[in-house]
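>>> here is my input, please return the structure:
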Amino acid sequence: MVRPVRGGGPRFAVVGNPENRRVSLFADAVRAAGLPGPRVVAWRDVLHEGGADFAVDEIVRIDSPGENPEVDRLLRGASDPTRVEGSARWYHGFMTALRTLRGGVRLDDADDLAVLFDKRACHAVLDAAGVPVPASPTSGPDGVPVRGWDDVRALMREHRMSRLFVKPAHGSSASGVLALETGGGGRIRATTSVELAPDGALHNSLRVRRYDSERDVAVIVDALAPDGLHLERWVPKASQQGRAADLRVVVVAGRATHAVVRTSRTPLTNLHLGGSRGDLDTARQSVATAGARWADVLDVCERAASCFPRTLCVGVDLLPAVGWRRTFVGEVNAFGDLLPRLTGLPGSGAEGLDTYAAQVAAALRGPARPGSLHPYRTGTPHA
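Now for the predicted structure:
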């Protein structure tokens with residue numbers, strides 16, 4: 001967040017949690033640019049005090065409130081921070097809190113965030129814009145509400161989805177996500193990080209596990225359904241060294257600036273769940289060998305980001321299909337920039353910069369000329 005002070009240089013401020021890693025890395029980027037350390041407005045203070053005020057010309061970047069147990073408890077209404085349930089209440093509380101921030105020019109737009117934190121709405125926006133996404137029966141004008149496991153089973157039959165992902169509509173970091181697949185005789189297998197406690201409570205775990213009992217799967221889905229569920233067809237992913245692979249691509253000011261390959265032996269490639277970074281040069285070569293263009297891969301991510309034109313930075317989860325020739329956008333993340341020690345792509349304009357330094361540089365450049373595709377878009381297209 002940038003505050004141009006009349007008669008002086010720009011001053012940054014962050015709405016987040018003073019102790020979280022994103023704020024720390026962003027602060028490092030601000031100082032590396034030769035500017036004073038950022039002022040931090042803590043989410044817990046926003047929630048307790050009913051809002052925060054900014055100068056009219058202060059540009060405000062919103063950071064994730066989900067990394068502070070106290071803030072998460074206040075938003076989710078759960079005393080145990082490991083609990084999965086409560087994401088709908090979290091979403092409502094977060095969006096309400098956003099609306100209490102007064103003044104300033106936002107680098108994370110509240111209306112954009114309302115869509116980005118609802119997977120059904122985000123999928124529908126991307127699909128309407130022609131961005132390739134996995135098929136889903138729960139998004140768009142004809143989206144079907146999911147009230148529980150019986151509805152999931154019915155939609156699997158109706159849409160012939162023998163393999164699909166079930167995702168909490170307002171979840172993040174793979175919390176509550178189930179990768180479902182069916183076998184002969186109606187058998188069901190779910191791969192997930194959800195730990196089902198004996199009392200039926202759901203807890204986040206860093207260990208990915210499998211459930212082969214339909215009864216257990218039904219208990220999990222029925223517990224998550226009141227928060228809203230999004231279903232999408234499982235796209236068989238390309239592989240790298242025998243592991244399923246996808247990409248997180250960070251788009252800053254309309255340009256794809258950073259990319260990391262994520263690989264895993266499970267369908268969940270999240271790095272905090274045991275996924276590991278793959279080799280980006282190998283992925284680029286795989287795309288070229290398949291007869292596709294790397295520039296087109298990045299263009300898909302930039303098209304996805306352009307659906308949220310008032311937000312400076314998003315992280316796009318790109319799913320390369322088997323063979324690396326086709327790609328689909330799985331999700332667009334409002335706070336998908338936590339990729340430490342990753343520098344910018346060649347030709348991106350962010351060479352040598354991490355994701356936070358790239359955002360600081362873009363914020364300092366300011367909005368591009370009126371009428372451009374993205375209010376912060378600069379530079380030339382990728383070759």
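
>>> what count of nearby residues applies to the nearest residue to K237 once chain neighbours are set aside?
Once flanking residues are discounted, K237 sits nearest to A244: 4.6 Å by CB to CB, 6 or more residues apart in numbering. In this view, the C-beta of every residue, glycine as well, is placed from N, C-alpha and C. A244: 20 surrounding residues under other CB atoms under 10 Å.

>>> and A244, what element?
Applying DSSP states H and E as the criterion places A244 in strand 243-252.

>>> A283 too?
helix 280-289.

>>> got a pLDDT number for K237?
On pLDDT, K237 comes in at 96.

>>> I'd say it and G323 touch.
No: with contact defined as CB atoms under 8 Å, K237 does not reach G323; the gap is 10.4 Å.

>>> show me which of these two is the more surrounded one.
For the pair K237 and G323, the greater number of neighbours falls to K237 (21 against 15), based on other CB under 10 Å.

>>> contacting residues around that one?
A244, A245, D246, P267, L319, P320, A321, V322 (CB atoms under 8 Å, 6 or more residues apart in numbering).

>>> and what of P320?
Counting by CB under 8 Å, 6+ apart, P320 touches K237, A238, A245, D246, L247, A283, S286, V287, V297, R326, T327.

>>> could you give me the buried positions within the helix holding A283?
Neighbour counts over helix 280-289 (16 or more other CB atoms under 10 Å) mark L280, A283, R284, S286, V287 as buried.

>>> show me what that helix is packed against.
strand 239-240, strand 255-264, helix 294-305, strand 313-320 (3 or more CB pairs under 8 Å, 6 or more residues apart in numbering; DSSP states H and E).

>>> got the angle between the second one and helix 280-289?
Our comparison of strand 255-264 with helix 280-289, counting by axes from the mean of the first three to the mean of the last three CA atoms, to 10 degrees, yields an angle of 100 degrees.

>>> tell me the SS of H230?
strand (DSSP: H, G, I helix; E, B strand; the rest coil).

>>> how about the nearest residue to it, chain neighbours excluded?
K119 (4.1 Å).

>>> how about the helices of this protein, start to end?
For the chain, applying DSSP state H gives helices covering 21-32, 43-49, 69-76, 87-99, 110-116, 119-128, 149-158, 214-224, 280-289, 294-305, 355-365.

>>> weakest of these in terms of mean pLDDT?
When the helices of the chain are compared on mean pLDDT, helix 69-76 scores lowest, with a mean of 85.

>>> got a list of contacts for that helix?
17, 43-44, 47, 65-66, 78-79, 81, 83, 86-87, 89-90, 93-94, 97.

>>> run the last query once more with 7 Å
17, 43-44, 47, 65-66, 79, 81, 86, 89-90, 93-94 (CB atoms under 7 Å, 6 or more residues apart in numbering).

>>> can you put those residues in TSV and add neighbour count and distance to E214?
Supplementary listing: those in TSV, determined by neighbours: other CB atoms under 10 Å; distance: CB to CB, whole Å:
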residue	neighbour count	distance to E214
N17	24	39
W43	28	39
R44	15	41
L47	19	40
P65	26	36
G66	20	31
S79	8	31
P81	15	29
G86	20	25
R89	16	28
W90	25	28
G93	19	34
F94	23	34
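
>>> walk me through the domains of this structure.
Annotated domains of the chain cover 2-106, 149-233, 236-365 [automatic domain parsing].

>>> picking that back up, what's near enough to touch the residue nearest to K237?
K237, T263, S264, P267, T269.

>>> number of nearby residues for the third one?
What it means is S264. When neighbours are counted by other CB under 10 Å, S264 registers 20.

>>> give me the beta-bridge partners of it?
S264 has these beta-bridge partners by DSSP bridges: A244.

>>> so for it, what's the pLDDT?
pLDDT recorded at S264 is 96.

>>> contacting residues for it?
Contacts of S264 by CB under 7 Å, 6+ apart are R243, A244, G274, G275.

>>> what's around the residue nearest to H230, how many residues?
Quick note: K119 (other CB under 10 Å) scores 28 neighbours.

>>> surely it is in contact with F165?
No: assessed by CB atoms under 7 Å, K119 is found out of contact with F165, at 9.9 Å.

>>> show me the contacts for the residue lying closest to A223 once chain neighbours are set aside.
Among residues not flanking A223 along the chain, L202 sits closest, at 5.5 Å (CB to CB, 6+ apart). Residues in contact with L202 (CB under 7 Å, 6+ apart) are R83, V84, E85, G176, V194, L196, I220, A223.

>>> dump the residues you listed to JSON lines, plus neighbour count.
As requested, the contacts of L202 are exported to JSON lines (neighbours: other CB atoms under 10 Å):
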{"residue": "R83", "neighbour count": "19"}
{"residue": "V84", "neighbour count": "26"}
{"residue": "E85", "neighbour count": "20"}
{"residue": "G176", "neighbour count": "26"}
{"residue": "V194", "neighbour count": "24"}
{"residue": "L196", "neighbour count": "20"}
{"residue": "I220", "neighbour count": "22"}
{"residue": "A223", "neighbour count": "19"}
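
>>> which one of those residues is nearest G347?
Taking CB to CB as the measure, G347 lies nearest G176 of the contacts of L202, at 37.7 Å.

>>> closest to A33 among the contacts of K237?
Looking across those and measuring by CB to CB, the closest to A33 is D246, at 31.6 Å.

>>> how many neighbours does the closest one have?
27.

>>> hang on, it packs against R262?
Yes: with contacts counted by CB under 7 Å, D246 reaches R262, the gap being 5.6 Å.

>>> which neighbours do these two have in common?
T269.

>>> assess the claim that W90 and H170 are in contact.
Yes: with contacts defined as CB under 7 Å, W90 counts as touching H170 at a distance of 6.5 Å.
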